[in-house]
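Colleague: Need a 3D model of the sequence below.
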Amino acid sequence: MRVARLILTPGDLGLYAVTVFWRFVIGAVCMLGWALATRRAVRFGWPDHLRFALLGACLFSVNYYFFYHGGKYLISGLLAVIFLLASVFNLLMGAALYRDRIDGRLALAALIGCAGIALMF
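Modeller: Model prediction:
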């Protein structure tokens with residue numbers, strides 16, 4: 001069985017870095033516009049900014065970057081299934097780590113999502 005190795009070339013790295021960068025910039029501009037339009041506070045301390053940067057890197061940059069690399073070795077249908085299951089995992093991890101309550105609407109939405117994924121197979 002042949003195992004695919006991740007080999008980065010300078011051209012690939014540049015392409016992925018640019019697309020991830022622009023996703024992050026567009027998201028930041030949209031969020032700033034929303035904050036200004038709704039007159040919400042946009043002044044935060046340095047510890048908050050560090051947390052925001054870490055959250056932004058994890059949610060809007062790093063996961064897409066690795067997802068693009070995985071796309072070189074997996075079929076697009078499998079990638080779509082993995083990406084769709086992220087919301088269900090977020091729901092379950094929130095309940096496990098933060099003791100968030102899963103109400104009936106959230107449970108129903110997760111079941112409908114899983115049923116939709118199951119129908120693809």
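Colleague: residue nearest the centroid of the chain?
Modeller: residue 59 (4.5 Å; Cα atoms, centre = their mean).
Colleague: Three-state assignment for that residue, please.
Modeller: Three-state call for residue 59 (DSSP: H, G, I helix; E, B strand; the rest coil): helix.
Colleague: Check which helices and strands the helix ranked longest in the chain is in contact with.
Modeller: The helix that spans the most residues within the chain, counting by DSSP state H, is helix 10-37. Helices and strands touching helix 10-37, by 3 or more Cβ pairs under 8 Å, 6 or more residues apart in numbering; DSSP states H and E, are helix 46-56, helix 63-70. Using the backbone N, CA and C atoms, a C-beta is placed for each residue, glycine as well.
Colleague: Any chance of CSV for the ones you listed, columns mean pLDDT and mean neighbour count?
Modeller: Output for the helices and strands packed on helix 10-37, formatted as CSV (pLDDT from 0 to 100; neighbours: other Cβ atoms under 10 Å):
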stretch, mean pLDDT, mean neighbour count
helix 46-56, 89, 11
helix 63-70, 80, 15
